[in-house]
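Engineer: Next comes the sequence, and after it the predicted model I'd like to discuss.
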Amino acid sequence: MPIPEEFIQELKLRSDIADVISGYVNLKKAGRNLVGLCPFHNEKTPSFSVSPENGFFHCFGCGAGGDVITFIKRIENLDYIDAVKFLAQKAGMSVPEDNKNDGLTRFRNRIYEANREAARFFHKMLYTNEGSKALEYLRGRQLSEKTIIHFGLGYSPKSRYELVNYLKSKGFTNNELIQANLANKSGRGYLFDRFSDRVMFPIMDLRGNVIAFGGRIMSDMKPKYLNTSDTPAFNKSRNLFALQFAKNKANGQLILVEGYMDVIALHQAGFENAVATLGTALTQEQATVIKRYCDEVVICYDADDAGQKATSRAISILRPTGLHIKILTVPSGKDPDEFIKSYGEQGPARFRMLLEKSGNDADFRLRKLREKYNTDITEQRVEFLTEAAKLISSFDNSIEQDIYISRLAGELEVEKNAIKQQVMRYRKKNSREYIKREQREIQNNLSARNDRINTEKAYNLRAANAEEALIALLMYNPDAAQSVFKRLLPEKFITSFNRKVYETIKKRADAGFDFSITDISGEFSNDEMSRITKLLASHPRETDPVSAANDYIAVLEDEAEKLTPEQIAYADTQMLMARLKKLKEKKK
């Protein structure tokens, strides 16, 4: 094993799952478990459950689940080894040195090192004759020397080989440079720099590692921005530009803007809680990250059509997280950077006034909706109010609903009760549709049609259900394990995934090791761990584990003796007759 067994056992004792998860999720007591809103998908009703007694979490909404290590892997976007290191540091433990030989961790660290060297190279190039145009561009954007250094800005030279040659001289291999997305391979097989003649923006994670780059062209060529693609060290859907700085200055609020320059200009103006997405629209993963560091987010996107559409989309993603959302619209179609600069020394004060006067997302959405209609015309007024009632019906807070119903009734001279009734109709309709979706989901779960992990379950329901129940029984009752292992070989399992789980716990038990959910998490992916915790959550502890184990084993032995359609097609008469005789004897 890469990590000594004794270390994992000690880490397990020091890493209480409830304590760790409560640092990310607001948990409340519910019987023997704890519940809260799932951090891995947007939901309004808590479906995320933590079982301190059994050491696992499970979301009944999205299916995410696992042990404390799996939780850290998911929430911090880490691999298994790095998640162990994260928890070890939190627990005041030192990970044994032999972990440094772990292949994936070593490779990711090489990418971090290559990115760090590339960032130094780009920054140094900014102050050369070749980089003078890029430096002039940054100074023309009124960035101070302090800001340029603080964000590590740089320049990628026009030649397509300078960075590749520099990094090769530092000992980096072709594969490492390609995997870091710092270089591409030509049709003839030689490497060339991915970024050329661009102002460079290093992107860092929360631990200060350089994980990617954004490059801005200084001409009219396209694309205007070129960004690092996803790598083993970087996922653009889960990271935010400048969050490593903003998280310490958030004070309950983050400002979400569109681009690197807007973030940098705001930080220079004193608004160090600004962040931006990385060349993509806001994702649910990023919304989850934002929720971790603030209670309120101010969306400050461009005032053009694209910016307004992006604002509407961001609202729909952020609102289910429970964040308070405000919308800051910069006047005259300017972006934050342009606005601040246009007022000179007064720019920061003017922007703060906009920030303080920014309205909430409900105001924004109703205003955008109203712009589509001429409410002086009766037919269009009815259409607007109908659409507005539909929007208000999506608000969870009944007080918020009542405030906007009253406001619309007063502004458009309509009976408040008429709007309220329409809102209630939509809520009832939404409720019916939700129930239908839930019923479809239950049917799919029962039939296992959508089981991506155990794809064989749908065709072997009886066997798979017995396999899962037996695995849960063993993990809840390890003292019953040896008697089961002696009677039931892994070959008796019909489905491959459940066989793998059974083999894993049997192998650990045979070696004298524990096989709790935490003990086996290093052997399975996040999705596989979710599947294992789902079966644990679906099968409570047996009152008579010995009798239950006998029943499950009997089912598996019976299923194992059944002939498959392929076997029947190619079986000889003697085999079929023997099988029929055995079935008759069982019935007697």
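Structural biologist: That came through, no problem.
Engineer: Contacts for stretch 131-138, please.
Structural biologist: Met125, Leu126, Tyr127, Ile148, Leu153, Gly154, Tyr155, Pro157, Arg198, Val199, Met218 (C-beta atoms under 8 Å, 6 or more residues apart in numbering). Where C-beta positions appear, they are placed from N, C-alpha and C, glycine not excepted.
Engineer: do the same with stretch 171-188
Structural biologist: Stretch 171-188 is contacted from outside by 107, 110-111, 113-115, 117-118, 163-164, 167-168, 191-195, 212, 228-229, 231-234, using C-beta under 8 Å, 6+ apart.
Engineer: List the buried residues for it?
Structural biologist: Phe172, Glu176, Leu177, Gln179, Ala180, Asn181, Leu182, Ala183 (16 or more other C-beta atoms under 10 Å).
Engineer: is it possible to export these to TSV including distance to Leu470?
Structural biologist: Listed next are those as TSV, based on distance: C-beta to C-beta, whole Å:
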residue	distance to Leu470
Phe172	49
Glu176	45
Leu177	49
Gln179	42
Ala180	45
Asn181	45
Leu182	50
Ala183	51
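Engineer: How many residues are close by Ile211?
Structural biologist: 24 (other C-beta atoms under 10 Å).
Engineer: go on, Phe60?
Structural biologist: So Phe60, with other C-beta under 10 Å, has 17 neighbours.
Engineer: and what of the one 4 residues further on?
Structural biologist: By other C-beta under 10 Å, 24 other residues sit near Ala64.
Engineer: show me the contacts for it.
Structural biologist: Cys38, Phe40, His41, Phe57, His58, Arg74, Asn526, Ser530.
Engineer: among the residues you listed, who's most crowded?
Structural biologist: Most surrounded of the contacts of Ala64: other C-beta under 10 Å gives Phe57, at 34 neighbours.
Engineer: which regions of the stretch 451-588 of the chain sit below the pLDDT cut-off?
Structural biologist: 563-588 (pLDDT under 70).
Engineer: and the buried residues of stretch 171-188 as TSV, adding distance to Lys247 and pLDDT?
Structural biologist: Output for the buried residues of stretch 171-188, formatted as TSV (distance: C-beta to C-beta, whole Å; pLDDT from 0 to 100):
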residue	distance to Lys247	pLDDT
Phe172	30	97
Glu176	29	96
Leu177	30	97
Gln179	28	96
Ala180	25	96
Asn181	25	97
Leu182	27	97
Ala183	31	96
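Engineer: Confidence-wise, which of the contacts of stretch 131-138 comes last?
Structural biologist: Lowest pLDDT within those is found at Met218 (91).
Engineer: Burial check on it, number of neighbours?
Structural biologist: Neighbours around Met218, by other C-beta under 10 Å: 14.
Engineer: so what's it up against?
Structural biologist: Lys133, Ala134, Tyr137, Asp197, Arg198, Val199.
Engineer: Let me see the backbone angles for Val25.
Structural biologist: phi -130, psi 140 (degrees, to the nearest 10).
Engineer: dump the residue contacts of it.
Structural biologist: Taking C-beta under 8 Å, 6+ apart as the test, what Val25 contacts is Gly36, Leu37, Cys38, Pro39, Phe48.
Engineer: try 10 Å this time
Structural biologist: 34-40, 46, 48, 50, 57, 71, 75, 291-292 (C-beta atoms under 10 Å, 6 or more residues apart in numbering).
Engineer: so where's the stretch 251-400 of the chain uncertain?
Structural biologist: For the stretch 251-400 of the chain, no range has pLDDT under 70.
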